[in-house]
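Chemist: quick one: sequence and predicted model below, then my questions.
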Amino acid sequence: MDPFGGFVQRRWVWLALPAAVVAVFSVAPEVVAAYGMTPALVVLCTALAGGAVLGVRRLRVLAGNRAAAREDGFASWLPPSTDHDHDRRIDFEAETRRLRRVARRAAALVLVWVAVAGSGTLDLVLLDRAADKLLATGARTTGEVVSVQHYTRGGLTFRVRYGSRTAEIVRDSKNSYAVGERVIVVFDRADPDRVRTTEEENENPFLVNLGYVLLVAGSLGTLFAAWAAVGWRNRARAVAATGWRNATVDIVRVARHGRSVRRPPPELHVRYRDGTGIELRAVSSTHGANALAIFTDRLAWVGGWGRHMVVLFPDGPSRPGPYAVPATAMTRRTEDGVSRSRR
């Protein structure tokens, strides 16, 4: 079973990740080199370059599949359109346009998360440059270690006395220190509180951790926002091509796997008016279907095809008005409908 729910198999991931790695190299090469990340990133770039080639091939295959589905009238996923598919309570053209707006909002969030990651990178770069500048221009003197503090997670700080002053130094190297040991202290004459040694940069731990948190959160946020933007864009295009079909939907919860605290997206068992049916799986999204899982035989409209489908309910879980749930097809449309034994 894929623990990522098919996420790593998506073609855009293999195209976007190499670009992200190149961006990190170009924006903050000092950070990459300083923290020993270069070998790992070289290996990652090589692996993802191969993935990008496979991704391009996958794009060509999907383009052919899309053309074949269009020629078939999308009959593997949707029945032929009839007058019963329309409902005067819902403006289906407006709902299709709304899917595009959701995609644009997700794309805007990509820029927000990129800015978050960029602020974390900038934070780390500025800290490193300030430490390097102090090392190059600061006054130097010999100091003596007067105390050493070890922490349970491997951290270490030590207090050093130099002249009439003392300062606490945060270790950021692999060196070990003992009381009485001599070290070279570098300090700023204009601001004596700015202190480091020739071996330890003594950067502010809060700012360092903040930089890493912003960098990691921004990178992950960018990845998932891009995933959402591409997914909604593809679904908007698919629905625009197929239109909507009236159906009855059962929302079936999926059991948690192992010790997972996160409930998987539910299955959507769809029965069309002509007696055929299809099984869909809701996609993880802010437009999720878990909150609707108490409903059976629920009126809905289905659009799209293959991995790019949308189920439109007349009302959402917390507010009135149409509510779109992104979904992907688990089966093709069958003549005997959805098996009730799986509900």
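Modeler: Yep, it's here.
Chemist: which parts of the helix or strand containing L223 are buried?
Modeler: Using DSSP states H and E, L223 sits within helix 205-242. Going by neighbour count (16 or more other CB atoms under 10 Å), the buried part of helix 205-242 is 208, 210-211, 214-215, 218-219, 221-239, 242. The C-beta positions use only the backbone N, C-alpha and C, and glycine is treated the same way.
Chemist: tell me which other helices or strands it touches.
Modeler: helix 11-27, helix 92-137, strand 298-305, strand 308-315, strand 320-329 (3 or more CB pairs under 8 Å, 6 or more residues apart in numbering; DSSP states H and E).
Chemist: so where's this protein shaky on pLDDT?
Modeler: Counting by pLDDT under 70, the ranges of the chain that qualify are 1-73, 256-262, 293-295, 336-343.
Chemist: again, only this time at 50
Modeler: Residues of the chain meeting the criterion pLDDT under 50: 1-12, 14, 26-27, 31-32, 35, 339-343.
Chemist: center of it - which residue?
Modeler: The centroid of the chain falls nearest to F224 when counting by CA atoms, centre = their mean (2.6 Å).
Chemist: what's the closest non-adjacent residue to P326?
Modeler: V283 (4.3 Å; CB to CB, 6 or more residues apart in numbering).
Chemist: and the one you found, how far is that from A178?
Modeler: Separation of V283 from A178 (CB to CB, to the nearest Å): 57 Å.
Chemist: if you count surrounding residues, which of those two has more?
Modeler: Legend: neighbour count by other CB atoms under 10 Å for V283 and A178, higher for V283 (24 against 8).
Chemist: what's the more buried one in contact with, if anything?
Modeler: By CB atoms under 8 Å, 6 or more residues apart in numbering, V283 lies in contact with G231, P265, P326, A327, T328.
Chemist: of these, buried ones?
Modeler: Applying 16+ other CB under 10 Å to these, the neighbour count classes G231, P265, P326, A327, T328 as buried.
Chemist: quick one: which two of those are the most distant?
Modeler: Greatest spatial distance among these (CB to CB): G231 and P265, at 12.8 Å.
Chemist: and the buried ones among the contacts of V283 as a markdown table, adding distance to L124?
Modeler: Shown next, in a markdown table, are those (distance: CB to CB, whole Å):
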| residue | distance to L124 |
| --- | --- |
| G231 | 31 |
| P265 | 36 |
| P326 | 36 |
| A327 | 40 |
| T328 | 38 |
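Chemist: wait, which of those residues is closest to D87?
Modeler: For the buried ones among the contacts of V283, the nearest to D87 is A327 (19.7 Å; CB to CB).
Chemist: I'd say that closest one and P266 touch.
Modeler: No: using CB atoms under 8 Å, A327 is not in contact with P266, being 9.7 Å away.
Chemist: which SS class is the closest residue to D274 other than its chain neighbours?
Modeler: Take D274 and drop its neighbours on the chain: the residue closest to it by CB to CB, 6+ apart is P79, 4.8 Å away. Three-state call for P79 (DSSP: H, G, I helix; E, B strand; the rest coil): coil.
Chemist: so who does P79 touch?
Modeler: Counted by CB under 8 Å, 6+ apart, P79 has contacts R245, Y272, R273, D274, T276, R333.
Chemist: for H269, see how far away it is.
Modeler: According to CB to CB, P79 and H269 sit 16 Å apart.
Chemist: and if you look at A75?
Modeler: A75 is 19 Å from H269, where distance means CB to CB.
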